[in-house]
Each structure stands twice: as C-alpha cells, then as structure tokens.
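> attaching a predicted model along with its sequence, questions to come.
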Amino acid sequence: MTYTVGEVARLAGVTIRALHHYDEIGLVMAERTAGGHRVYDTATLERIQQVMFFKELEFPLETIKEIMADPDFDRRAALTQQRAMLFGKIERLRSVLDAVDLAMIAQDEGITMSANEMFDHSHYEDEAKDKWGGTDRYHQSQQRTEGFDQEDWSETLEEASRIAGQFADLKRAGSKPDSPEAVTLAEDHRLHINRFYDCSPAMHVGLAEMYVADARFAEYWDKFEPGLSEYVIAAIHANT
C-alpha cells in the first residue's frame, strides 16, 4: 500500500514542503510514479516516524541523517533510546510545569517568591526523591498530587498560609503553645499534610523536628513571626 505526499503530510502532521525537503537532502526518499509524483510505502513511513521522534528531541536534520545513514543503525535500539530520552524530557517538563503553576499562583496571590523558589524547583524535587523516594509517603504524595490542577495548588497554598498566619497571630497575642487554640491549629496542620500522605500524630512530631534541624523549614515559619518554628513544634507536641 502506498500513500501520496499529501496523505503522509496529514498523517505525520508535517508540511508537504518539509517532506519535499527530506527527499531533496536524502533523509527520507519517496518513490516516484510514472507521472513523477512522490509516493510512500510502509517502510518509508516508519523512517518518517523515526525522524519525527528525533525532531521531538530537537536533533538537527543533518544529525538525524547521519545517525540513520549509519550501516549499524538499529531501529529497535534507536526507539529504546528515544523512549528513554523522551521520558527524561517529560519529567523535566513536568517539573517546569509545576514551577509555572506555582509562579502563577504566587502572581495571583501577590506573593513574592524567593530566588530558590523561582529557580531551584527541580533541585528540591531531586532532594525529595533522594531522601524519601523509597518511602510509602513519597509515593502517596506523588499519587495524590498527580491530578492536582492550578485551583488545587492554589487552595493548598492558601491553606498553608492561613495556618501559618494564625499560628503567628496566636504567638503575638501571647497564647501558649499548649492552649486549646494552638493545639487545634496544630491538628489543622496535621490534616493539611494528610492531603499529601498519611501523617500520623507521631510522624507529625518527627516532621516538626525538621523545622529546626533544617534551616529552610525554620526560615519558612519564622518569616511569619520570629521564633514561630519553635512555637509550632511545641504546639504539635502538645497536640500529640
């Protein structure tokens, strides 16, 4: 079965001009009918498909031509490599998409992101994988947030800011960390984390210790009110 250049252009999502160019440079050469019209068989379509995969990975046409002209070129091996490279690209794009969503939320909410928040998103994702990638809570978090849209992330960010702001208000008002109000708020914080993974009271205490052990966590809380991270830890212990 053969296909005309117009049919191939429609199937592959490329222009007729591009197919003509591939033919002219010897990348994908079509057969010719008696009338001189280009036609493509199944093997040629497979070659075009291979070219499309390479182009998706941003390979220049000359490089693609060199790779596919190699006598040792193995289509199956190339597909395997392309799949791995495309998967890596998807993961990078997912990370960038998350960063874009957070930037949009920050813009909408009038929040100024720190330099790390703007540019180190992938770094923190890799760090989370290194620290917790093999844990149940990491996998739970990945599964539960997979379907999050901008509204979900916005709601989550607003809830986190609300809890931190209320903790700061309590501390400024002189309310003790073991007061009913602070303990109730500590439970709200645990349930907030529970949106991402199952957070037991005991695990909540363990996480609280990170707020002092890791300067970045302490910095997050203390920007709402100096010394707030220690106040929150005490409230979480009281709640547990």
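Good, I have the coordinates. Note that the structure is predicted; figures quoted are calculated from it, not measured.
> for residue 105, give me the pLDDT.
On the pLDDT scale, residue 105 is placed at 62.
> the bottom helix or strand of the protein by mean pLDDT?
Taking mean pLDDT, DSSP states H and E as the measure, the chain has helix 121-132 as its least confident helix or strand, at a mean of 44.
> how many residues are close by residue 87?
Around residue 87 there are 10 other residues, counting by other CB atoms under 10 Å. C-beta here means a position set from N, CA and C on the backbone, and glycine is covered the same way.
> for the spatially closest residue to residue 166 that is not a sequence neighbour, what are its contacts?
The shortest distance from residue 166 to any non-neighbouring residue, by CB to CB, 6 or more residues apart in numbering, is to residue 185 (5.6 Å). With contact taken as CB atoms under 8 Å, 6 or more residues apart in numbering, residue 185 is in contact with 163, 166, 167, 170, 235.
> do the same with residue 186
By CB under 8 Å, 6+ apart, the residues touching residue 186 are 204, 232, 235, 236, 238, 239.
> just those now: which is nearest residue 24?
Set against residue 24, the nearest of the contacts of residue 186 by CB to CB is residue 204 (66.2 Å).
> so who does that closest one touch?
Contacts of residue 204 by CB under 8 Å, 6+ apart are 186, 189, 190, 193, 236, 239, 240.
> now for the helix or strand containing residue 220, which elements pack on it?
Using DSSP states H and E, residue 220 maps to helix 215-222. Under the contact criterion of 3 or more CB pairs under 8 Å, 6 or more residues apart in numbering; DSSP states H and E, helix 215-222 touches helix 150-172, helix 201-213, helix 228-239.
> helices or strands up against the last one?
In other words, helix 228-239. Counting contacts by 3+ CB pairs under 8 Å, 6+ apart, helix 228-239 is packed against helix 150-172, helix 180-193, helix 201-213, helix 215-222.
> for the first one, same thing?
Secondary-structure packing of helix 150-172 (3+ CB pairs under 8 Å, 6+ apart): helix 75-109, helix 180-193, helix 215-222, helix 228-239.
> got the angle between the helix holding residue 220 and helix 150-172?
If you take axes from the mean of the first three to the mean of the last three CA atoms, to 10 degrees, helix 215-222 sits at 70 degrees to helix 150-172.
> buried residues in helix 215-222?
Across helix 215-222, burial judged by 16 or more other CB atoms under 10 Å covers 217, 218, 220, 221, 222.
> could you point out which residue ranges in this protein have low pLDDT?
91-92, 94-95, 97-98, 100-102, 104-139, 142, 150, 210-214, 216 (pLDDT under 70).
> let's see it at 50
Low-confidence segments of the chain, defined by pLDDT under 50: 121-134.
> and it, what are its domains?
Here the domain assignment for the chain is 3-73, 149-240, based on automatic domain parsing.
> how far does the last one sit from the chain's center?
Its chain's C-alpha centre and that of domain 149-240 lie 25 Å apart, by CA atoms, centre = their mean, to the nearest Å.
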